[in-house]
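Trainee: I need the structure of the sequence given here:
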Amino acid sequence: MCDLKNLSDEEKEIIHQVMEGKTNKEIGDKICKSHRTVENKLSNIYASCDVKNRLGLIQKILKKK
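Mentor: Modelled structure (predicted):
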């Protein structure tokens, strides 16, 4: 289950940026991290939310609303 309460503020910001359609590079530029760091954080978010990709993450977040 994807419990947003257990995610860091940075992870929540990454999810917000993903929902806006931003690329990893664009997200990295916004949060002052490399695109590789964003990829790693997204992998952790995917594992926490039990999804495989951005689409799965977006669908799961939208279902919770």
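Trainee: residue boundaries of the helices in this protein?
Mentor: For the chain, the helices defined by DSSP state H occupy 9-19, 24-31, 35-49, 54-64.
Trainee: out of these, which is closest to Cys2?
Mentor: helix 35-49 (3.3 Å; C-beta to C-beta). Using the backbone N, CA and C atoms, a C-beta is placed for each residue, glycine as well.
Trainee: re the thing from before, which one of the helices of the chain lies nearest to Asp3?
Mentor: Among the helices of the chain, helix 35-49 sits nearest to Asp3 (C-beta to C-beta), with 8.0 Å.
Trainee: quick one: that closest one to helix 9-19, angle?
Mentor: Interaxial angle of helix 35-49 relative to helix 9-19 (axes from the mean of the first three to the mean of the last three C-alpha atoms, to 10 degrees): 90 degrees.
Trainee: circling back to that earlier point, for the helices of the chain, give me CSV that also has mean pLDDT and mean neighbour count.
Mentor: Formatted as CSV, these follow (pLDDT from 0 to 100; neighbours: other C-beta atoms under 10 Å):
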stretch, mean pLDDT, mean neighbour count
helix 9-19, 96, 16
helix 24-31, 97, 16
helix 35-49, 96, 16
helix 54-64, 92, 13
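Trainee: quick one, what contacts the closest residue in space to Leu57 that isn't next to it in sequence?
Mentor: In this structure, Leu57 finds its nearest non-sequential neighbour in Val51, 5.0 Å apart by C-beta to C-beta, 6 or more residues apart in numbering. Val51 is in contact with Cys2, Leu57, Gln59, Lys60, counting by C-beta atoms under 8 Å, 6 or more residues apart in numbering.
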